[in-house]
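> Let's see this in three dimensions:
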Amino acid sequence: MKPMRHAGVDVLRGVALLWMTVYHFCFDLTSAGLIRQDFYQDPVWTWQRTAILSMFLLCAGAGQALASAQDQSWRRFWQRWGQIAGCALLVTAASSLMFPKSYIYFGVLHGMAVMLLIARLTVRWGRWLWWLGGLAIAMKYIAAYAMDTGVMPLFFNEKWLNWLGLINTKPLTEDYVPLVPWLGVMWWGVAATQWWLRRRPLAPAWIPPPAVRPVAFLGTWSLSYYMLHQPVLLGLLWLWT
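Purely as a prediction, here's the structure:
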């Protein structure tokens, strides 16, 4: 049985997609030399990236909580997981052609594939997910301090281990979404949605107003939109220039 969707999660995911599109279009304009912005150090852009990514991972965690509440089968989980993992490999292949020195080897889709599996296995851990999420976020700063002071070995910075996020030097890559701290955000998405479901078990489903429904519809096609939006933006930019 196909799981029921919740419009609130779809709207939030749709807003994140639109925000991401604006962000990436500005990045493309910078890459084309049409504007000058520092997407790697300027807080105006780094904080936007953090906010957009947090929205996506909160929605992904919410999706796992809803799927668990509806007894989603492992078969359906693996179908969706396979789509995400396959798209992650395509991102790696495409980015290696565009950015051979900083290609994406563990970006948002790679991280989401691993984190979704962990979230699925831990979805019934209840309130512990709040504490585990906080610990995962805190470990970003704990690990960096431990490595700076020599308590923790520096080999965690190497590519074969830096997908964990226990680093004090950010790797050279165009997109980097390690487990620490981002698994904590997804765990919080699971915990927050489960908290909401416990308090509104019989509440009627929210129906978005007509003006918001296109955003909700966009949120139902998040993976397809994510994979297509950059080629479309780059194609339009090429035609324009």
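> C-alpha only now, for contacts and for neighbours.
OK.
> Now do the helices for the chain: every range, in order, please.
Applying DSSP state H to the chain gives helices spanning 7-31, 43-69, 74-98, 108-122, 128-148, 179-199, 213-219, 222-240.
> Pick the most deeply packed of those.
Most buried of these, by mean neighbour count (mean count of other C-alpha atoms under 10 Å): helix 179-199, with a mean of 22.
> Contact partners for the closest residue to residue 182 other than its chain neighbours?
Residue nearest to residue 182 in three dimensions, not counting chain neighbours: residue 137, with 7.0 Å by C-alpha to C-alpha, 6 or more residues apart in numbering. By C-alpha atoms under 8 Å, 6 or more residues apart in numbering, residue 137 lies in contact with 180-185.
> now residue 137: how far from residue 184?
Distance of residue 137 to residue 184, given as C-alpha to C-alpha, to the nearest Å: 5 Å.
> ditto for residue 196
18 Å.
> Residue 52 now?
Separation of residue 52 from residue 184 (C-alpha to C-alpha) stands at 15 Å.
> count of residues packed around residue 36?
12 (other C-alpha atoms under 10 Å).
> I'd say it and residue 30 touch.
Yes - contact criterion C-alpha atoms under 8 Å: residue 36 and residue 30 qualify, at 5.5 Å.
> So, low pLDDT: which residues of the protein?
1-4, 201-205 (pLDDT under 70).
> Please name the residues that touch the residue lying closest to residue 108 once chain neighbours are set aside.
Spatial nearest neighbour of residue 108, excluding adjacent residues (C-alpha to C-alpha, 6+ apart): residue 177 at 5.3 Å. By C-alpha under 8 Å, 6+ apart, residue 177 lies in contact with 106-108, 110-111, 163.
> Roughly how far does residue 177 sit from residue 17?
Using C-alpha to C-alpha, one obtains 17 Å as the distance from residue 177 to residue 17.
> ok, back up a step: the residue nearest to residue 182 and residue 18: what is the separation?
According to C-alpha to C-alpha, residue 137 and residue 18 sit 26 Å apart.
> Residue 24 too?
In terms of C-alpha to C-alpha, residue 24 sits 10 Å off from residue 18.
> can you redo the helices of the chain as TSV with distance to residue 207?
Converted to TSV, the helices of the chain look like this (distance: least, C-alpha to C-alpha, whole Å):
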stretch	distance to residue 207
helix 7-31	7
helix 43-69	17
helix 74-98	25
helix 108-122	27
helix 128-148	29
helix 179-199	17
helix 213-219	9
helix 222-240	19
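> what's the closest of the ones you listed to residue 173?
Set against residue 173 and scored by C-alpha to C-alpha, these come closest in helix 74-98, at 9.5 Å.
> Now residue 169: closest residue in space, sequence neighbours ignored.
Nearest residue to residue 169, sequence neighbours excluded (C-alpha to C-alpha, 6+ apart): residue 157, at 6.5 Å.
> First residue to last residue on stretch 92-109, what's the distance there?
10 Å.
> Not counting it itself, show me its contacts.
53, 84-85, 87-88, 91, 163, 172-178.
> 10 Å - rerun?
53, 56-57, 83-91, 110-112, 115, 159, 162-164, 171-179, 182, 223, 226 (C-alpha atoms under 10 Å, 6 or more residues apart in numbering).
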